[in-house]
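A.B. asks: coords below, sequence missing:
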């Protein structure tokens, strides 16, 4: 099998994962915004908590796709700088995901 073809396929998947992650976050944001507008018009306060949890789950899921894309990109050119940068990005995204999930659970118990 030709190595440049494999490299191109891995690069395409990395880009696809980043696009999917972006799409998930954008979709979740649009869905939450529409839900908030409906909730405000109907004056429903319970709906906001569900919307926030749902949007948070889209963000967390999108971050997972970003991490997968970053891992694939680093596999293509694994220099020490790239591995260090990937480690930092993964750490930041994992911490962000953890605190978003924690906030969603705390919000769940408060509502």
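C.D. replies: Nice, thanks for sending it over. From a predicted model like this one, the values you see are computed outputs, not experimental measurements.

A.B. asks: residue 61: which element?
C.D. replies: Take DSSP states H and E as the rule and residue 61 turns out to sit in helix 46-76.

A.B. asks: what residues of that helix count as buried?
C.D. replies: Counting neighbours by 16 or more other CB atoms under 10 Å, one finds that the buried residues in helix 46-76 are 48, 51-53, 55-56, 58-60, 62-70, 72-74. To be clear about C-beta, it is placed using only N, CA and C from the backbone, and glycine gets the same treatment.

A.B. asks: for it, packing partners?
C.D. replies: helix 3-42, helix 80-110 (3 or more CB pairs under 8 Å, 6 or more residues apart in numbering; DSSP states H and E).

A.B. asks: in the last one, what's buried?
C.D. replies: By neighbour count, and taking 16+ other CB under 10 Å as the criterion, the buried residues in helix 80-110 are 86, 90, 93, 97, 100, 104.

A.B. asks: so who does the first one touch?
C.D. replies: Think residue 86. 70-71, 73-74 (CB atoms under 8 Å, 6 or more residues apart in numbering).
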